[in-house]
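A.B. asks: Test case, fold it:
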Amino acid sequence: MLPLLAQTATPASAATGDPPASWIDPDTGHRVVRLTVEPGSASLYFNQNGYTADGKRLVYATPEGISVLDLNTHQARRVVQGPVRLIDAGRKTTRVYYLRDGAAFWTDVDTGDTRRIGVLPPRGSIATVNADETLLAGAYIEGEGQDYRGNRAQQSHPLDQPRNKGQMMEERWAARLPMGLFTLNVQTGEVKTIHKANDWLNHLLFSPTDPTLLMFCHEGPWHKVDRIWTIRTDGAGLQKIHTRTMAMEIFGHEFWGADGKTIWYDLQTPRGEDFWLAAYNLDTGERTWYHLQRNEWSIHFNVSRDGKLFCGDGGDRGQVARAPDGQWIYLFRPERIQNRGIQDKSFVQPGALRAERLVNMSRHQYRLEPNVSFTPDHKWVVFRSNMFGPTYVFAVEVQAAVSRTAQ
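C.D. replies: A predicted model of the protein is given here:
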C-alpha cells in the first residue's frame, strides 16, 4: 500500500507553490506522503473508522463532499457531493455513512447506490455506526434552546478547535441540559431512545466487533466528570469504565482496540503532571497503564489492528502537557514491566511506551488536531495537517526510509 512517490522535498522547500507530494523528514528519516490534493480535505476524527471494509481505501472529507482514495494507487474520486458531514466507513459493506439536511444516509462507494436512512431527532446528531451496520447511534438535547458545538450537532463544522473551547466546555457542562442517547435503525429508520441524563452525552463509539455495545462519555471539564461509560443498545448494562482516585486526575479521548473488548484512553495522574495510556479489558477486568514522558503526550493516541503498535499526534505548549518539545507525530512500542510473582488481578499492570519520532510538526498549528490512525496493514500512520497552510491528509511510513545516523 501507499507506493513511494517520485517527488521528494522537505516542507521548507514548498514554502511557495503546491505542497510536496512526498519527502523524507530530515529529523526522523521517515517518508511522508501527501494523500489528498484538495485544500481543506481532512481524514476522520481519530476514533472514527475511515477505512473501507476491505482495508484498501481511505474515505475522507472535502469542502465539496466525501471522497475515497485507493491506498495502493493514490487514485481518488468523489463519492458524495456536499455539503455533508461524514460519520464512518462501514466495517462490513462498502458503504459510507453521513448526515445531510437533518437526516442520515449511506452511499456505496463502488456502485454509487444511495439510501436515505431516516430523520434525526430535533437537536440531535449521529456519531457512530455499529459493527454489522444495522444501527447508527447519536445523542440529542431535549426541548428547545441553544445548541453547543461540542454536541457535534452540525452537519458540517470547522476543523479547527475554537479559541474559547475551555470556556465553552465549562458553560455547556454547567448547563445540565436534558439529553438522550438514541439508535437509528439502518433498515427501517426507527429511532429508539436508550438512555436519558442531564449529563452532557458525547463521543459515542460502537465496538468494532460487538454490534450491541456502545461506548460514550460524560463530556465537560475532564477533572469534573466521570467520563467513560458503556451501554447496550437495548439500554441495559450501563457501566462506568474508570473511577478517579485523586483530585485533578483526568482521563478521556477514549477509543476501542480492534478486538472490540479493550478500551484505551489518555490518563493523567494528576492533570498535566504524570502521563499514561491506559486500557481496560471488558472481558477480564484487567487494567494496563503505559507510561509516557511529557514531550511524548499526544492529544490523541491510536493502536494498530494487531495491537502491537501505538501512535500519537503530539501537541504544542498550549496543550495540557505544556510540552517544550512535543510537536511530533509519534510511533510507540509498548513494553510491560516484569511482574515478579504478584498475582493480584485487581492491580494495574504497568508498562511504558517507547517513542520514535515520525514527523516534525513544528510548522503545524495545533488548533487543528492531527488525529492519527494506522492504515489497516500497520505500515503507515495517517494524519491531517495545516503545515503548508490549508489542511491536507498525509501519511508517514512506520519503517524509516533513511537512518538518521547515515545523514
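A.B. asks: now residue 378: how far from residue 347?
C.D. replies: Taking Cβ to Cβ, to the nearest Å as the measure, residue 378 falls 30 Å from residue 347. Backbone N, C-alpha and C define where each C-beta goes, glycine included.
A.B. asks: shaky segments in this structure?
C.D. replies: For the chain, the stretches with pLDDT under 70 are 1-16, 145-158, 403-407.
A.B. asks: contacting residues around the longest strand along it?
C.D. replies: The longest strand of the chain (DSSP state E) is strand 349-360. For strand 349-360, the external contacting residues (Cβ atoms under 8 Å, 6 or more residues apart in numbering) are 25-28, 30, 32, 277, 286-293, 296, 310-311, 327-337, 339, 381, 383, 394, 396, 398.
A.B. asks: From those residues, list the buried ones, please.
C.D. replies: Listed as buried from these are 25, 28, 30, 32, 277, 287-292, 296, 310-311, 327-332, 334, 381, 383, 394, 396, 398; burial here means 16 or more other Cβ atoms under 10 Å.
A.B. asks: Now for residue 400: which residues touch it?
C.D. replies: 28, 29, 30.
A.B. asks: Which parts of the chain are helices?
C.D. replies: 165-175 (DSSP state H).
A.B. asks: where along the stretch 201-350 of the chain do the strands fall?
C.D. replies: 201-206, 213-218, 228-232, 239-240, 250-256, 262-268, 275-281, 287-292, 301-303, 310-312, 328-336, 349-360 (DSSP state E, counting those that start in this stretch).
A.B. asks: Tell me which of those sits most buried.
C.D. replies: Of the strands of the stretch 201-350 of the chain, the one with the most neighbours on average (mean count of other Cβ atoms under 10 Å) is strand 310-312, at a mean of 26.
A.B. asks: Assess the claim that residue 52 and residue 69 are in contact.
C.D. replies: No. Contact criterion Cβ atoms under 8 Å: residue 52 and residue 69 do not qualify, at 10.1 Å.
A.B. asks: Find residues that contact each of these two.
C.D. replies: With Cβ under 8 Å, 6+ apart as the test, residue 52 and residue 69 both reach 58, 59.
A.B. asks: Find the nearest non-adjacent residue to residue 178, please.
C.D. replies: Closest residue to residue 178 in three dimensions, ignoring its sequence neighbours and counting by Cβ to Cβ, 6 or more residues apart in numbering: residue 142, at 4.2 Å.
A.B. asks: now do residue 224
C.D. replies: In space, residue 224 is closest to residue 173, 6.7 Å off (Cβ to Cβ, 6+ apart).
A.B. asks: for residue 95, same thing?
C.D. replies: Closest to residue 95 by Cβ to Cβ, 6+ apart is residue 106, at 4.3 Å.
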